[in-house]
Structure formats: structure tokens, C-alpha cells
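Undergrad: The following block contains a protein sequence and its predicted model.
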Amino acid sequence: MLARVFALLVLLAPLFLASDYYLFRLTMMACFAIAVLGLNVVTGFGGQLSLGHGAFYAIGAYTTAILMTRFEIPYWATLPPAALVSAVVGFAIGLPALRLRGLYLALTTFALAVATPQLLKHRALEDWTGGVQGLVIDKPDVPFGLTLSPDQWLYLLTVALAAMAFAGAANLMRGRIGRAIVAARDHPVAAEAMGIDIAMIKTKTFAVSAMLTGLAGSLGAIATQFVAPDSFAPFLSIALFVGVVVGGLGSIGGAVLGAAFIEFVPDLADRVSKAAPGAVYGVILIGTLMFLPEGVMGLLRYVYAVAMQGLRGHSP
């Protein structure tokens, strides 16, 4: 109970202590946390290597942008359709991906990430997507007469939805479906012998993963108030994958730490070296993977285990 109260205080503290700029950065971190969580469901728990989740992030973002600009639908009402459209596309991608494994699946999904920005620029879709120039979204008004700034409201909304997404993913992975996902990853022959439909469970896992990432893209579009094809370049998919590995494969909480890496480490690298920020980013990433092979959550688990062992050793 005390841990939950402490976590709530930590999440609410930026509303009163941070400027609008840092609230925006924390909002984007929460969006990336949901996206990394989605990728972790399919890669960390499902064992399917995907390098194309930036495409699902883009689908969610553009679904919200199109519904808001072309149909004048309120921002909050665009969140479910964005998640649903992403889930449908994820399910459709998951079906042919069943025949692929390992690096072949990674390259196939990466091709999706490469193709998505080009498709968004295509003349056939330009009337909907805005082409190269993209679409501008109005910043949502604060509802219910709350005495909050728009950035404070978006931060509160995004964190609340992120908390729901994390709670839902944790319950899913602890339940029967989660055990089936892990069994299909680790022992597919034994899982199939026990009556698990391997093809369907993997496809549904891909759909759930895409749904979470699409929701993240929708929230990210609302926060940035702008979408354009070049915002969803293939590097976005790589960054999400980096977030999964840095946070910890198969870790729910690790998605938050991975999102923090995605959002803040590039700025840190830029401050260290204006001339070669990419090189500094690479050194930080290599060092993290070298000294934390199980991700940051692996280190935290080790520290927790050592601390608990020490407490038990000193107990009367």
C-alpha cells in the first residue's frame, strides 16, 4: 500500500514542480513507455523479434490526426479507434509472419517500418495524410473546468492511460493467456500438445502488441500536435527496440526505464558532444548493454535480491 502511495506521489509531483516543457517531455516518455510495453509483449514475452513497431506507432498517430482534422472528432474519442486500427493491422501482419522466425521476421517487420513513411507520402493518400507536410492538430482544451494548463492535463491523461495499460499487461501476462504466450515461446511442441493453438496465440499477441503501440502513437500525436511521415522514420522502430533491451526483455516495469532512455539519452549525448552526438549515444548504448546484459530491470532485481538476503541474514 505504501509503495503504491509513493508511486502515485512520484507521478503527480511533476504537475506542480515541472515546467510545461518538462511536462511535455515526461508526457512523451509516458507515450514511449506504452509503445515499448507493446513491443515487449511480442518480443520479450512472445519471442517474436519485431523491428517494425514504429509503423504501428505511425498508424495510431495518423488515425487520431485524420479523425480530428478531417472529421472534427474530439481527441479523446479518437483513442479507441487508433488502438483498434493498429490491432487489426497487427493481426493482419501477424498472420503471414507466422511462417517467419528470428532474423527473417525482424527483416520483414523492418521492411514495414521502411515502407510506412513512403506510403504516407503517396499521392493516393495525400488528401488524407497531408503528404509530406503532414497534419496539424489543435491542442485539447482542459475539461471539467480544471485549473490545469493544457500540458498538465495531457500529462495527467497520458500517465493515467499508461497506468491502465501497464496494469492490463501485467494481469494478462500473469493469467492463463500470458502463460500460453510464454509456453508458445519456450516450448512450442509441448504447448501444442497441451492444446494451445500456437498460430492463433502468436497472431493475437502481435495484435495486442500493435494495439498498445498504436495507442501510444495516438497519445504522442495529441501531445506534439503534429504528424508527418518523416516523424516515423525507421529509426523510431530501432529506438523502441533499444528501449525494450535497455529496460529488460520480458519485464513490464522495464518499459518505463527503456522509455526514459529513448526520451532523454539522445539529449544527453547532444550536450556531451554537439559535433558527434550519434557517437556518444552509441557509446552509452554499448556501455549499457555491456554492463547490464539483462537490462536495467535485471540490475534492480539483483540489488533487491541482495538487499533482501542481507535483511534475512541480520534478522533475529
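TA: Cool, the structure landed. Values in this document were obtained by computation on a predicted structure and should not be read as measured data.
Undergrad: ok, and what's touching stretch 87-99?
TA: Here stretch 87-99 makes contact (C-beta atoms under 8 Å, 6 or more residues apart in numbering) with 48, 52, 56, 59, 105, 108-109, 112, 199, 202-211, 214. In short, each C-beta sits where N, CA and C put it, glycine included.
Undergrad: Restrict these to the buried ones and give me that as a PyMOL selection.
TA: Of the contacts of stretch 87-99, the buried ones go into a single PyMOL selection, burial set by 16 or more other C-beta atoms under 10 Å:
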select buried, resi 48+52+56+59+105+108+109+112+202+203+204+205+206+207+208+209+210+211+214
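Undergrad: which strands and helices sit next to the strand or helix carrying M200?
TA: Using DSSP states H and E, M200 maps to helix 198-224. Using 3 or more C-beta pairs under 8 Å, 6 or more residues apart in numbering; DSSP states H and E as the contact criterion, the neighbours of helix 198-224 among helices and strands are helix 20-40, helix 53-70, helix 75-97, helix 150-174, helix 176-186, helix 188-193.
Undergrad: pLDDT of the fifth one, averaged?
TA: In this model, helix 176-186 has an average pLDDT of 91.
Undergrad: Now find how far off-centre it is within its chain.
TA: 21 Å (C-alpha atoms, centre = their mean, to the nearest Å).
Undergrad: list the buried ones in that helix?
TA: For helix 176-186, the buried set under the neighbour-count rule, 16+ other C-beta under 10 Å, comprises 178, 180-185.
Undergrad: Show me the one of the helices and strands packed on helix 198-224 that comes nearest L119.
TA: Closest approach to L119 among these is made by helix 53-70 (9.2 Å; C-beta to C-beta).
Undergrad: Quick check, L84 in contact with M211.
TA: Yes. L84 is in contact with M211 according to C-beta atoms under 8 Å; the separation is 7.3 Å.
Undergrad: Name all residues that make contact with K121.
TA: With C-beta under 8 Å, 6+ apart, K121 has these contacts: 129, 131-132, 229.
Undergrad: about what we covered before: check which element follows the helix holding M200 along the chain.
TA: strand 226-227.
Undergrad: Since that was my last question, I'll sign off now.
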